[in-house]
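# Take a look and give me a structure for this.
(3 chains)
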Amino acid sequence: MTKAFPGVLANDSIDLKIRPGEIHALLGENGAGKSTLVKMIYGILKPDAGTILFNGRQVEIESPARARELGIAMVFQHFSLFDSLSVVENISLGMNKVVDLQKLANEITEVSKRYGLPLDPKRHVYTLSVGERQRIEIVRCLLQEPRLLVMDEPTSVLTPQEVKKLFLTLNRLAEEGLGILYISHKLDEIKELCHQATILRLGKRIGIVDVDDESTSSLANMMMGDELEKNDRHHTPVTGAIRLQVNRLNMPAKDSTSISLSNINLDVRAGEIVGIAGVAGNGQDELLKALNGERCAPEAASIIIDNQPAGKLGPNPRRRAGLASVPEKRLGHGAIPDMDLVDNAFMTGFYRMGLLAKGIINYPKTRIFAQKVITDFSVKTSGSSVPAESLSGGNLQKFIIGRELSQHPEILIVSQPTWGVDAGAAQTIHRSLRQLATQGAAILVISQDLDELMAMSDRIGAICGGRLSPLYPTAKMTVEKVGLLMAGVALEEGAADVASVS
Amino acid sequence: MDLFIPALLTIITAATPLLFAALGEMVTEKSGVLNLGVEGMMVMGAIVGFVAEYYSGSATMAIVASILAGAAMAAIFALLVLEFHASQVPTGLALTIFGIGLSALVGQSMIGIAYEGLPKISIPVLSSIPVIGPLLFQQDFLVYLSIVMVAAIHYFLNKTRAGLILRAVGDSHDAAHAMGYSVVKIRFMAILFGGAMAGLSGAYLSLAYSPMWIEQMTAGRGWIALALVVFACWRTLRVLLGAYLFGGISILQLHAQALGIGIPSQVMSMLPYLATIFVLVIISRDVSKIKLNAPASLGRAFHPSR
Amino acid sequence: MWPRLVKRQIPSRLMVYLSPVFALLLSLLAGVVLFIIMRVSPLAALHAFFIEPLSSIYGLAELGVKATPLILIGVALSLGFKAGVWNIGAEGQLTIGGLCGGMVALYFYDQEGFYIIPLMLLAGVLGGIVWAAIVAFLRVRFNANEILTSLMLSYVAGLLLNVLMHGPLRDPDGFNFPESRQFSDSALLPTLFDGTRLHIGFLIALLVVALGWIILSKTLMGYQIKVAGSAPAAAEHAGFSTSKIVWTTLLLGGGIAGLAGTIEVAGPIGQLLPNISPGYGFTAIIVAYVGRLHPLGALFAGLLLALTYLGGETAQIQLNLPVAVTGVFQGLLLFFLLASDVLIHYRIRFGKPELAVEKS
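Numbers count the residues shown, from 1 in each chain, chains lettered A, B, ... in the order given. Okay, the predicted model is just below:
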C-alpha cells in the first residue's frame, strides 16, 4: 500500500498479512505511518497504490461502510462517539443494517456480559468514563461479528488494570478465531499480547517478526533505528526548598463537561521533578489551569509560591513570581495557530522578557527572543515569521517548551510534554526538563504516559476524578502501584494485593 | 369574551410565522450549522410568494414558490459554508443583507397591491364546536401545516434513523465522518429544509398575516426565531411553546391601545424585541444547560481530516 | 475534469488581499447580468453607478460624506470581529448616538458657541457606549449571545427615536411632521470645501483609521484582540481576560458608532429625523469584511461601499433604477468575498489527483 500527503510519503509500499486467530502488532513511532495504513484498511483514506486481499479475494474498500460489510471492524484511538446520544444510539449508528433499538439494546447487554465488558445501553455517553467509552467501541465492533478487528492504540487511555482486562477479552476473541490488528508503540504490551509484529519506520516497512523471538530492546531497535539513550532515573531524594505548595485546593467544575478538583495537596521542591499520572479527563486540565492561574482558586492560601499566597493571582502575576506552564493542547492553547512564531513568543514571554513598554509591543526585541528560542531548541522552521500551525507537532512542542525555559522559570508545570512527538524531539524535551531541574527549578509533569513519568520523575502520584493521591518516591513505586492510584485506590489497603485486582 | 376570541386569533397568527422559521432553523442547527440568514430567507419567501400569487392567482403556487425561494437562498448559504468553507456567521449575515436587498428590488412594483388572504379551511365537525371551534378549526392551510410540522419534526428527530444520523452529525461531525456518514450531504439537506421553512414563514406573512407586500415586512422575526431556538433548548415541543408565547406578547402590542392604555404604539412595538432579549438572558445564564442541549458542533467548521 | 480544492500548507497572504479584488470583479459581472435582466443597458448602468459619481468635485465630496460613517463603524467592527465579538447592532448604537448628539444640539438651538459641537460629539459617543454597554453586560454577566441582543436593541433604538420624533422632539412649528427643529449653525459640522457637503467628520474618520491601525498592530490591546478571536484558550493562557476584551471591543464599537451617528445629524442631515441612516450600521459589516478586518482596509472598503450608495442614487435619477439595487449589490459583494476567501486556505487544482486528498 502506498499513500502520499503533500510533503510526506506516509506509506511507501507497505505489506501486511494477518491470519484468523492471530493478534498481529503494527509497531512504529508516532509519524511512522501506522494510522494512515489502518485508515486505508478501514476505507477512510483511499490508497494511491496497492491492493487489499480479504479472505483471498481482492477487494476495493471505498468506505467504512464497505469495510464493515466485509467484516472489518475498527476501534479508534480517538473514539468516534456522540456525547449527547445514548450507548445504544451510538452503537446503532455504527451498524450497517437498520435495527430496532430495543432489540439492539438486548444484544448489547448479551455481548457485554459474554466478554466481560459491562455496559448500560441506556446511558448517555457524556456520563461515561473513558474506559467505558472504549467498551462501547469494542461492543459495537463485536456486534457485527467481524473477521478482523483493528485496534488503534487502545491502551493509551486506560489504567494498567483496565489494560489487563482488555487483554483478557482480546485473547478470548483471538481464540474464537478473530484476527486482530493491534497498533501500538508500547513494546511491553506487544510482548505480552501479540503473536507477530510488523514494524514501520518513517512510512516504510522495516520487517515482520515473531514476537516470541524478539526482546523488547530488539523491537525498540527496529522501531527507532538506533539505540536510544536511557533516561537516568534519580533515586536520591531531593531536599531543596519547597517552591510550589498546594494546600486543600478545591475548585468547583466550570460546567457539566469539566471536572471539579477536590482537596488537592502537593508540594514541589527546588531541583525536583514531580510526576502526576492519570487517565485522560480526570482533572489534569483543570489542575494545570488552577496552578498557572488561568482559573483562580477560591482561597489565596490554597496555592503558595515561594511562601507567598498565590491562589488569587492571574497567569501574569504568577509568571512574575517565577511560574511558567505548558498546556497539553498545543495548537489553540499553548500557541496561536494562525499567528507567527514572533507573536507566539510574545504570548507568554512579554512579561518576563520585557517585550512591552507602556502598552506598546517591542517587536525588534520580540523577534530576537523568538529567534533565540528557535536556535537554542533546534526548532525546524524556515524562520520566525511562519504561522505556528505550519510546524510539526514535535517542533511546535520544542518551541513552546523552549519559550518557557528561555524565561528561566523557577517553577514549571508541563502537561503531556511529549504527546504525539517524535522520539528525537521527546529526547530533547526530556533532557532539557532534567537540566532545568538540575539548575534548581521545581518541575511538575502531568502526563498520561506512565513510562515517561516512571523514567523522569523523582516523586509520583496520580489524579483520578479530580482528587490527587499522595506523592511517593518513584524509586519505591511500580507501574502496578501507580495503576492503582490512577484508578483512585488508596495504596495503604491496595498495595499488598495488586495481583488480586482485576 | 369579545376580547378573548380576537386575542386568541392574534396569538395564532403571530405565532405561526415564528413557528415555521424556528422549526426550520432548529433542524439546521441540529445538524451543527448556524444559519443567521433566517431573516433574509424569510423576506425572500414573503416577496416571491406574493409575486407568484399575483401572477398565477393560485395560493398553492404561491406557497410552493415561497418554499423554493427560501430553499434557493439556503442553497447559496450551503454552497458557501460547505463547499467554500466560509465561516457561518458572516455568511448568514450576508444572506440576510442580500435577501433584504433583493426582496426590495423584486417587490418594488408590488407595493400597494392588496390580496384578500389565504382561504380559510374549516375542518368538518370540529369547526362547529361552539366558541373554540371556529377559532381553532377554521384557519388557513398554513396554520394547520405548522402544527403538523411540529409533530413531523418531533417524530423525525426522535424516532427515525435519519433523525438520529442528523443529530449525530450535529453532535460530532468528525465522528460521523469517521463512521462513513456524509457530513456535507446531510448538512446540505438540513440547511435546505431550514430555508424552505423560512420561506413558508415568509409566505404566511405576505399571504395571510398582512396580505400585501411591505419592504422588510419580516421586521426582525427571523432573528426572533433564532432566539426562540436557543430559548427552546433545541427541542421541538418547546419551540411550539416559545412561538405561542411570543404570539401572546403581540396581543399586548395590538390590543393595548384598544384597551385605552396611553402608551405610544412604538413602545408597544418594542415588546417582542425586549422580550427576546429577556428570554435569551434567562436561558443563557445557565451555561451548563446550553452546553448540554446545544448541538456540540454548532457553528464549527468541518474540515475532513486527511 | 472538475476543479478540486486542495488545502494549502500555509494560508496565502497574497490571496488575503486579492480576494476582495476578485469579489469586486465578480460582483460587477453579476451586476451586468442583473442589469440585462432588468432590461437596462449594462454599460449605461455601470457608468451611472461607478463613473458618474466620481467625475465631479461635488461627487467626490459626496463620496466622502457617505464614506465617513461607513469607515468609522467599519474600523470599530473590524476590531470587534477580529476578537470574535459579533456586534451587529452598530445601526442601533449609531441611532442612539445621533439621538443624543441631536438632543444636545436641540437644547442649544437658540445659542451660538464653539462648545456645542464638542458637547454633541461627546454625547453621541456616550450614547453609543451606553447602548453597547447593555450588550456587553448581558454577554459577560449572563452569557447572552451578542449577535441577537445587539440586533434586537437596534430595532428598539429605531423605535425609540421614532417615538421621540413623534413626541417631545418634534419641531413645535413643524406642522406635526415628525422632524425636529433645524440645528443652529454652531451645531453643524464645518465643511472642508466651499460648495460641497464634505465636513470635518471625514477627517475624524481618517484619524480613527490611523488610531485603529496603531492599536491593532502595535499595542498589547490589539494583540489581545487578535489572540482572543483566533484562539480564545490561548488568550486565557496568556492571561488576557475575555470579559475585558468583550467590554473593550463593544464599548469601542458603540462609542465610534455613536460618534458616526452624531456626525450624520450634525453633518449632512442638520436636524433629527425618524430615520437618520440608510443602514450604515449594517453595511459597515460588509465594509469590515471587504477591508479584511483591518482599519486601513476599512478606509478603502468604506469608500467602495459609499460608492454603491451614491451610484444607486445616480442610477435612480438617470435610469430610473430602484434604489434597492444598492442593497443587492452590497449583498453580492459580501457573498463573492466569502467565496473568494476559500483561496486563502485552499488552492484550485484541475485534473486527476496526483496526491489523493480527501473530499468528504
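# need the strands for chain B, in chain order.
B:120-122, B:138-140 (DSSP state E).
# tell me which strands and helices the first one is in contact with?
Using 3 or more C-beta pairs under 8 Å, 6 or more residues apart in numbering or on different chains; DSSP states H and E, the elements in contact with strand B:120-122 are strand B:138-140. Where C-beta positions appear, they are placed from N, C-alpha and C, glycine not excepted.
# what do you get for the last one?
Counting contacts by 3+ C-beta pairs under 8 Å, 6+ apart, strand B:138-140 is packed against strand B:120-122.
# List the single closest residue to the residue of chain A found nearest chain C in space, sequence neighbours excluded.
Closest to chain C within chain A is A:P315: 3.4 Å, counting by C-beta to the nearest C-beta. Nearest residue to A:P315, sequence neighbours excluded (C-beta to C-beta, 6 or more residues apart in numbering or on different chains): C:G239, at 3.4 Å.
# give me every residue that touches the one you found.
A:G293, A:E294, A:G314, A:P315, A:N316, A:R319, A:Y351 (C-beta atoms under 8 Å, 6 or more residues apart in numbering or on different chains).
# again, but for A:L219
Contacts of A:L219 by C-beta under 8 Å, 6+ apart are A:L27, A:L187, A:I190, A:K191, A:A197, A:I199, A:V209, A:V211.
# With distance to chain C and pLDDT as added columns, please give those residues in CSV.
Listed next are the contacts of A:L219 as CSV, based on distance: C-beta to the nearest C-beta, whole Å; pLDDT from 0 to 100:
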residue, distance to chain C, pLDDT
A:L27, 25, 87
A:L187, 32, 79
A:I190, 30, 87
A:K191, 35, 88
A:A197, 28, 92
A:I199, 25, 90
A:V209, 31, 90
A:V211, 33, 87
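# May I ask which of the residues you listed has the most neighbours?
Ranked by neighbour count (other C-beta atoms under 10 Å in any protein chain shown), these have A:L27 at the top, with 28 neighbours.
# Just give me how far stretch B:100-108 sits from the chain centre.
20 Å (C-alpha atoms, centre = their mean, to the nearest Å).
# Give the buried residues for that stretch.
Residues of stretch B:100-108 classed as buried: B:I100, B:G101, B:L102, B:S103, B:A104, B:L105, B:V106, B:G107, B:Q108 (neighbour count, 16 or more other C-beta atoms under 10 Å in any protein chain shown).
# So is it next to chain C?
Yes - Stretch B:100-108 lies within reach of chain C by C-beta under 8 Å from any C-beta of the partner chain, at B:I100, B:G101, B:L102, B:A104, B:L105, B:Q108.
# Those: which ones sit near chain A?
Counting by C-beta under 8 Å from any C-beta, nothing from the residues of stretch B:100-108 next to chain C sits close to chain A.
# Can you give me the neighbour number for residue 120?
By default, I'm working from chain A. Considering only other C-beta under 10 Å, A:D120 is surrounded by 15 other residues.
# Chain C is the one I meant
Neighbour tally, C:M120, other C-beta under 10 Å: 30.
# got any ranges where the stretch 1-150 of chain B has weak pLDDT?
B:1-4, B:131 (pLDDT under 70).
# how about the residues of it near chain C?
B:36, B:76, B:80, B:84-87, B:89-91, B:93-95, B:97-102, B:104-105, B:108.
# circling back to that earlier point, against chain B, how distant is the residue of chain A closest to chain C?
22 Å (C-beta to the nearest C-beta, to the nearest Å).
# Report the contact partners of that residue.
By C-beta under 8 Å, 6+ apart, the neighbours of A:P315 are A:N292, A:G293, A:E294, C:E236, C:H237, C:A238, C:G239.
# just C:I245 next, same as before
C:I245 touches C:A83, C:V85, C:Q224, C:I225, C:A228, C:A235, counting by C-beta under 8 Å, 6+ apart.
# Excluding chain neighbours, what is closest to the third one?
This points to C:Q224. C:F240 (4.5 Å).
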